[in-house]
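Chemist: sequence plus the predicted model coming up.
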Amino acid sequence: MTELGEGVHRIEAEVGGRPLYLFLFLGERRLLIDAGCASTVDEFIIPALTEVGLGAADLDLLLVTHSDLDHQGGTHRLRQANPKLWVACGLLDVPLVSDPSRLMADRYHAYLDDHGIKPAEEAAAWMRKESGEAEAVDLGLTGGESIGLAPTWNLRVLHVPGHSAGHLALFDERSRALFSGDALQGSVYLGLDGTPKLCPTYTHIDEYLATAALIESLAPSELHGCHWPAQRGTGVFSFIAESRDYVRHLDELVRANLDQPLTLGDLVARVNDRLDAPWPDELKPDLAFSIHGHAEWLVASGLAVRERGTDGRIVYAMAR
Ligand SMILES: [Zn+2]
């Protein structure tokens, strides 16, 4: 665990060989950003709390940044350990954060019916296990709220969609540090060994770019994502630029490849082949998140058309 500032700690956990950072705020009220995976609670969160002389029962509020297994999976286990814990997340993410079966169906199998894309069996089983058990959300937030941790210490809630519809970030008004979850993703998720492990997985282009603009306009002194190294000073703006550049690059690749009608699966394969460092096959379901977003953005803009093929699969092509 690293102390980032007075009363602010970064819990350094792990998911699938990648860093997973959770953040602990110890004011007169005690807040935890993200519950991690189901297994993260006993493996990392409880030991981190013990390190500062606390237990799960000392937490007042859990804020889940967004609906993903590595951010919400430990919620049930945490509330088991602390029945008085308040659980908050973005209002639009409440259905998925409170119900892991909805998370599996609506997020990890979102491209199954129309596109025939889904994670491999073994991966899906791991995802279901680490998504944890169902747990009700007490507070659905929409951004603009202020959380008072102490008389002179407030965290401002920001709505930062793009990776999920209800994604939240917290802006510490005392230090001007932003805790951004997975709201901005740079160009890659690196592993603990420094090698590329996962592609960016934003789903909605306009929302993601608006989030980049919002974060830039705040000019945070520090940017703390959940899977990326902390950025400080000009590093904050470099990371925002890197996130935007990746979107632009993917947009170009998607347009160039839709010169012929393609299913989402074929589009993902072709775009992947043209990346500087193509991903292995098992990462293709993860690439589908952003590439589906780009294809749908082109359709919504009238630049591409979407049709359903005879086999029921959706086919995209640039409009003529
Ligand atoms: Zn994540």
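Modeler: Nice, I can see it.
Chemist: which parts of stretch 24-43 are buried?
Modeler: 24-27, 30-41 (16 or more other C-beta atoms under 10 Å). C-beta here means a position set from N, CA and C on the backbone, and glycine is covered the same way.
Chemist: same question for stretch 272-290.
Modeler: 272, 279, 283, 284, 285, 286, 287, 288, 289, 290.
Chemist: just the element for the last one, please.
Modeler: Looking back up the chat, that one is residue 290. Residue 290 belongs to helix 284-300 when assigned by DSSP states H and E.
Chemist: helices or strands up against the next helix or strand after that helix?
Modeler: For helix 284-300, the following helix or strand on the C-terminal side (DSSP H and E) is strand 304-308. Counting by 3 or more C-beta pairs under 8 Å, 6 or more residues apart in numbering; DSSP states H and E, the packing neighbours recorded for strand 304-308 are helix 284-300, strand 314-318.
Chemist: can you list contacts of the first one?
Modeler: Spelled out, it's helix 284-300. With contact meaning C-beta atoms under 8 Å, 6 or more residues apart in numbering, helix 284-300 is reached by 110-111, 115, 117-120, 123, 198-206, 208, 250-251, 254-255, 258, 264-265, 267-269, 271-272, 279, 304-306, 316, 318.
Chemist: switch to 7 Å and redo it
Modeler: 111, 117-119, 198-206, 250-251, 254-255, 264, 267-269, 271-272, 279, 304-306, 316 (C-beta atoms under 7 Å, 6 or more residues apart in numbering).
Chemist: so residue 127 makes contact with residue 108?
Modeler: Yes. With contact defined as C-beta atoms under 7 Å, residue 127 reaches residue 108; the gap is 5.7 Å.
Chemist: spit out the residues that contact the two alike.
Modeler: residue 119.
Chemist: need phi/psi at whichever residue of the stretch 1-150 of the chain sits closest to the ion.
Modeler: Closest residue of the stretch 1-150 of the chain to the ion, C-beta to the ion: residue 70 (4.5 Å). Here is the backbone geometry of residue 70 (degrees, to the nearest 10): phi -80, psi 0.
Chemist: ok, how many other residues are close to it?
Modeler: Neighbour count for residue 70, taken as other C-beta atoms under 10 Å: 26.
Chemist: ok, the one 5 residues further on next?
Modeler: Applying other C-beta under 10 Å, we find 29 residues neighbouring residue 75.
Chemist: let me see the backbone angles for residue 282.
Modeler: Torsion angles, degrees, to the nearest 10, at residue 282: phi -70, psi -10.
Chemist: so it sits right up against residue 118, yeah?
Modeler: No. Look at residue 282 against residue 118 with C-beta under 7 Å: they stay out of range, at 11.8 Å.
Chemist: the closest residue to the ion within the stretch 151-300 of the chain and residue 149, how far apart?
Modeler: Here the stretch 151-300 of the chain gets closest to the ion at one residue, residue 182, 4.4 Å apart by C-beta to the ion. From residue 182 across to residue 149, the span is 23 Å (C-beta to C-beta, to the nearest Å).
Chemist: now residue 41
Modeler: 22 Å.
Chemist: can you tell me the SS state at residue 13?
Modeler: Using DSSP: H, G, I helix; E, B strand; the rest coil, the structure places residue 13 in strand.
Chemist: surely it meets residue 40?
Modeler: Yes. Under the criterion of C-beta under 7 Å, residue 13 makes contact with residue 40 at 5.0 Å.
Chemist: I'd like the average pLDDT over the helix or strand containing residue 113.
Modeler: Using DSSP H and E, residue 113 falls within helix 112-115. The average pLDDT within helix 112-115 is 97.
Chemist: so how far is that helix from its chain's centroid?
Modeler: 22 Å (C-alpha atoms, centre = their mean, to the nearest Å).
Chemist: mind listing what's buried in that helix?
Modeler: So helix 112-115, judged by 16+ other C-beta under 10 Å, has buried residues residue 115.
Chemist: then the helix or strand following it to PDB, C-alphas only?
Modeler: Remark: after helix 112-115, the chain's next helix or strand is helix 121-130, criterion DSSP H and E. C-alpha atoms of helix 121-130 as PDB (Å, rounded to 0.1, in the frame of the first residue of the first chain):
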ATOM      1  CA  GLU A 121     -15.800 -20.900 -21.800                       C
ATOM      2  CA  GLU A 122     -13.000 -21.000 -19.300                       C
ATOM      3  CA  ALA A 123     -12.600 -17.200 -19.300                       C
ATOM      4  CA  ALA A 124     -16.400 -16.700 -18.800                       C
ATOM      5  CA  ALA A 125     -16.300 -19.100 -15.800                       C
ATOM      6  CA  TRP A 126     -13.500 -17.100 -14.200                       C
ATOM      7  CA  MET A 127     -15.400 -13.900 -14.900                       C
ATOM      8  CA  ARG A 128     -18.600 -15.200 -13.300                       C
ATOM      9  CA  LYS A 129     -16.700 -16.300 -10.200                       C
ATOM     10  CA  GLU A 130     -14.800 -13.000  -9.700                       C
END
